[in-house]
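**Student:** 3D model of this:
(one chain, ligands or ions: 1)
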Amino acid sequence: MEKFYIKGGTTLNGEVKVSTAKNAILPILAGAILCDGVVTLNNCSKYSDVNYMVKILTELGAVCKFQDDVLTINSSVADKFYISDEYTKKVRSSIFMLGPLVARFKQAKVAYPGGCNIGTRPIDLHIKGLQSLNVKIEEKHGYIYCDAKNISSGEVHLDFPSVGATENIIMASVFCKGVTKIYNAAKEPEIEDLQNFINAMGGKVKGAGTSTIEIEGVKKLHSVNYTPIPDRIITGTYLIACAVTGGKVCLTNTNHLHNTALISKLKQSGCKLQLKNDKIIIEVGHKLKSIPKIETLPYPGFPTDLQSQMLTLQTICKGTSVIIENLFETRFKIYTELTKMGANIIIKDRMALINGVKSLYGANVTAPDLRSGAGLVIAGMCAEGYTTINDIYHIDRGYLNIENDFNCLGADIKRIEG
Ligand code: EPZ
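**Tutor:** Next up is the predicted model:
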């Protein structure tokens, strides 16, 4: 199994381009099943989660081809509505294959999804949403069976603004005669990107980015050439990395409007930030102040996907910080590993109390999941001495060779066979 071997004590300086968003590409790949022609995705970053979704589309009979970072998907020849657990158990995004399958084939048989082990991650909102569209659903033997021969437009009220459930219901309803409405929809930028993708194929979706989304049914969706949005979580990860190590970094191919919550916190802690078109420049020349309270919330609140990285930053700031994780019940797994590196953290239920220390020291640690793995890379770059990170396959799910980007900025990270 591969590991990272990191020499600490480096600062980050230079420019790096942010790749396209994993959490935009994944629902768009699911939505490609709705197209009766060819979907061409430009700058399609080959995160391992993306590779798994391509395998799922191939299992359904679609023809997928990468030419450098351009992915073409011909799903006009797709003829299956059954997805085994071979790949579904690897990714959360397999759950939002339900919507496109019931829209296209009027039936689906999909094994339960996988994804980061950060909580129970129920799928009740997905199920209830599809049932509101008159889809008959049965769950047995680890599979979800959908009978959608009488699928119809309807009104869905989400008890929680779930990203995946919002995306599933949008895709399930694109061919339903009439108008489907989703209330209390999630407002993430990736949902707006899905709306723009579907509309570029001839769909009629509006309201994404707000809590009410309307989908007017159309007969079919035609071929499209599409470029997904930049990854706001990679942007945030790299900004936090510079805040931790110090230095001056310019990120390109970003959209600072997708990172307003983080930018506000980084300014509060003493970082200098310049926001120019698709560029964000961060400069940190001194020890930062702790942020008294950080609370994760649905977008546009502070993103849960940056919580582990932010927790890492707080371990070496001056003062005390409290982080409250409102979305996932076990998303503090980084705590044990950072403690091995000398961090002073107390965890109680969904709250972390962090007392800043002068510095962290290198240790042998293990990535528990995708985003806490990224947090450990950040910790290793600022720690005194050397850090080994095991199970780095978690990190490759959502970062394209993270070590190359950080090494271009002055870090010293080696990927070694363990
Ligand atoms: C998406 O997951 C992202 N994944 C996650 O990113 C992200 O953390 C999450 O949204 C929140 O922003 C992808 O887009 C592939 P949710 P998703 O449904 O859709 C509860 C990463 O690191 N819930 O918005 O699974 C759930 O338990 C990953 O890139 C239900 O109760 O998230 C959680 O508390 C990790 N019932 C909350 O909603 C349901 O049916 C948010 O979940 C569904 C969700």
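
**Student:** so T366 sits right up against I389, yeah?
**Tutor:** Yes: counting by C-beta atoms under 8 Å, T366 does reach I389; the two are 7.2 Å apart. Glycine gets a C-beta too; all of them are placed from N, C-alpha and C.

**Student:** between these two, which one's more packed in?
**Tutor:** Comparing T366 with I389 by other C-beta atoms under 10 Å, the one with more neighbours is I389, at 25 against 18.

**Student:** who touches that one in this structure?
**Tutor:** With contact set as C-beta atoms under 8 Å, 6 or more residues apart in numbering, I389 has these partners: 3-4, 6, 365-367, 373, 376-377, 380, 395.

**Student:** can you pick the most crowded of those?
**Tutor:** Busiest of the contacts of I389 [other C-beta under 10 Å] is L376, holding 32 neighbours.

**Student:** So that one belongs to a strand, correct?
**Tutor:** No: per DSSP: H, G, I helix; E, B strand; the rest coil, L376 lies outside any strand segment and is helix.

**Student:** mind checking pLDDT for it?
**Tutor:** Here the pLDDT value assigned to L376 is 98.

**Student:** Against I291, how distant is it?
**Tutor:** 20 Å (C-beta to C-beta, to the nearest Å).

**Student:** for I291, helix, strand, or coil?
**Tutor:** Applying three-state DSSP: I291 is coil.

**Student:** what does L313 give?
**Tutor:** Three-state assignment for L313 (three-state DSSP): helix.

**Student:** so how many other residues sit close to S162?
**Tutor:** 22.

**Student:** I figured it was touching L125, is that so?
**Tutor:** Yes: assessed by C-beta under 8 Å, S162 is found in contact with L125 at 4.6 Å.

**Student:** ok, M310 touching E295?
**Tutor:** No: applying C-beta under 8 Å, one finds M310 not in contact with E295, separated by 10.9 Å.

**Student:** so what sits against both of the two?
**Tutor:** What both M310 and E295 touch, as defined by C-beta under 8 Å, 6+ apart, is the set 302, 323.

**Student:** Please identify which of the two sits among more neighbours.
**Tutor:** M310 (26 against 15).

**Student:** Check what pLDDT the more buried one gets.
**Tutor:** For M310, pLDDT reads 98.

**Student:** mind listing what it touches?
**Tutor:** With C-beta under 8 Å, 6+ apart, M310 has these contacts: 240, 262, 265, 291, 294, 302, 323.

**Student:** just checking, which of the residues you listed belong to strands?
**Tutor:** 294, 323 (DSSP state E).

**Student:** Pull out the buried members of the contacts of M310.
**Tutor:** With burial judged by 16 or more other C-beta atoms under 10 Å, the buried subset of the contacts of M310 is 240, 262, 265, 291, 294, 302, 323.

**Student:** Tell me the residues of the stretch 251-400 of the chain that contact the ligand?
**Tutor:** Contact residues (C-beta under 6 Å from any ligand atom) of the stretch 251-400 of the chain with the ligand: 304-305, 327-328, 370-371, 398.

**Student:** List the contacts of the residue of the chain found nearest the ligand.
**Tutor:** Nearest residue of the chain to the ligand: G164, at 2.8 Å (C-beta to the nearest ligand atom). G164 makes contact with 27, 92-93, 95-96, 126, according to C-beta under 8 Å, 6+ apart.

**Student:** Please repeat the previous calculation with a cut-off of 7 Å.
**Tutor:** The contact partners of G164, by C-beta atoms under 7 Å, 6 or more residues apart in numbering, come to 92, 95-96, 126.

**Student:** quick one: which of the residues you listed has the most company?
**Tutor:** The most crowded member of those is F96, carrying 30 neighbours; neighbours defined as other C-beta under 10 Å.

**Student:** what are the phi and psi values for E155?
**Tutor:** The phi/psi pair for E155 (degrees, to the nearest 10) reads phi -120, psi 130.

**Student:** Which positions in the stretch 101-250 of the chain make contact with the ligand?
**Tutor:** 116, 119, 121-126, 160, 162-165, 186.

**Student:** could I get those residues as CSV with distance to G217 and secondary structure?
**Tutor:** Listed next are those as CSV, based on distance: C-beta to C-beta, whole Å; DSSP: H, G, I helix; E, B strand; the rest coil:
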residue, distance to G217, secondary structure
C116, 34, coil
G119, 34, coil
R121, 30, coil
P122, 28, coil
I123, 24, coil
D124, 25, helix
L125, 22, helix
H126, 20, helix
F160, 26, coil
S162, 22, coil
V163, 23, helix
G164, 22, helix
A165, 19, helix
A186, 22, coil
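
**Student:** Can I get the buried part of those residues as one PyMOL selection?
**Tutor:** Applying 16+ other C-beta under 10 Å to these, the buried members can be selected in PyMOL as follows:
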select buried, resi 116+121+123+125+126+162+163+164+165+186
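
**Student:** Reformat the residues of the stretch 101-250 of the chain next to the ligand as JSON lines; add pLDDT.
**Tutor:** Converted to JSON lines, these look like this (pLDDT from 0 to 100):
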{"residue": "C116", "pLDDT": "74"}
{"residue": "G119", "pLDDT": "80"}
{"residue": "R121", "pLDDT": "80"}
{"residue": "P122", "pLDDT": "88"}
{"residue": "I123", "pLDDT": "93"}
{"residue": "D124", "pLDDT": "94"}
{"residue": "L125", "pLDDT": "97"}
{"residue": "H126", "pLDDT": "96"}
{"residue": "F160", "pLDDT": "98"}
{"residue": "S162", "pLDDT": "97"}
{"residue": "V163", "pLDDT": "97"}
{"residue": "G164", "pLDDT": "96"}
{"residue": "A165", "pLDDT": "97"}
{"residue": "A186", "pLDDT": "98"}
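
**Student:** Does R397 touch V50 like I think?
**Tutor:** No: counting by C-beta atoms under 7 Å, R397 stays clear of V50, with 9.1 Å between them.

**Student:** More neighbours: which of those two?
**Tutor:** V50 (24 against 21).

**Student:** so the more buried one touches I25, yeah?
**Tutor:** Yes: V50 is in contact with I25 according to C-beta under 7 Å; the separation is 5.5 Å.

**Student:** Quick check: neighbours shared by those two?
**Tutor:** Common neighbours of V50 and I25 (C-beta under 7 Å, 6+ apart) are C44.
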